[in-house]
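Asks: What follows is a protein structure lacking sequence information:
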């Protein structure tokens with residue numbers, strides 16, 4: 001059995017260990033940076049958006065209903081909460097509920 005110190009083999013062992021450590025550390029850092037639990041969704045400011053923008057972002061709201069939202073806003077002033085959308089003819093609480101994450105004031 002050869003127990004003599006070999007500097008070249010020692011250097012290769014150290015380089016391999018360092019490479020493995022940095023590889024594991026960088027993989028963990030990348031994995032930690034990804035948070036799959038939250039997906040971003042489009043949002044729209046119901047007090048500023050055009051009818052086209054509202055229709056594009058809000059689920060269950062077509063262009064006609066979006067025009068009604070803009071008309072209500074122009075007549076009554078800005079919405080104070082997302083729940084105020086139920087005052088627009090054709091918008092019910094279920095539509096508001098499924099769009100809460102998309103509605104900004």
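Replies: That came in fine, so what should we check first? Treat the numbers as computed from the prediction; the structure is a model and nothing was measured. Residues are numbered from 1 along each chain as shown.

Asks: The residue nearest the centre of the chain: helix or strand, and which one exactly?
Replies: Central residue of the chain (C-alpha atoms, centre = their mean): residue 40, 1.3 Å from the mean position. Counting by DSSP states H and E, no helix or strand carries residue 40.

Asks: what about residue 83, neighbour count?
Replies: When neighbours are defined as other C-beta atoms under 10 Å, residue 83 has 13 of them. For the C-beta atoms, the positions are set from N, CA and C on the backbone; glycine is no exception.

Asks: and the gap between the nearest residue to it once chain neighbours are set aside and residue 45?
Replies: Once flanking residues are discounted, residue 83 sits nearest to residue 96: 6.2 Å by C-beta to C-beta, 6 or more residues apart in numbering. According to C-beta to C-beta, to the nearest Å, residue 96 stands 15 Å off from residue 45.

Asks: number of nearby residues for the spatially closest residue to residue 93 that is not a sequence neighbour?
Replies: Spatial nearest neighbour of residue 93, chain neighbours left out: residue 86 (5.7 Å); criterion: C-beta to C-beta, 6+ apart. Neighbourhood size, residue 86 [other C-beta under 10 Å]: 14.

Asks: Let me know whether residue 86 touches residue 94 as I believe.
Replies: No - applying C-beta atoms under 8 Å, one finds residue 86 not in contact with residue 94, separated by 9.8 Å.

Asks: if we can go back for a sec, who are the contact partners of the residue nearest to residue 93?
Replies: When the contact criterion is C-beta atoms under 8 Å, 6 or more residues apart in numbering, the partners of residue 86 are 92-93, 96.

Asks: Give me the pLDDT for residue 5.
Replies: Looking at residue 5, its pLDDT stands at 78.

Asks: How much space separates the nearest residue to residue 80 once chain neighbours are set aside from residue 46?
Replies: Among residues not flanking residue 80 along the chain, residue 105 sits closest, at 7.5 Å (C-beta to C-beta, 6+ apart). Relative to residue 46, residue 105 is positioned 7 Å away (C-beta to C-beta).
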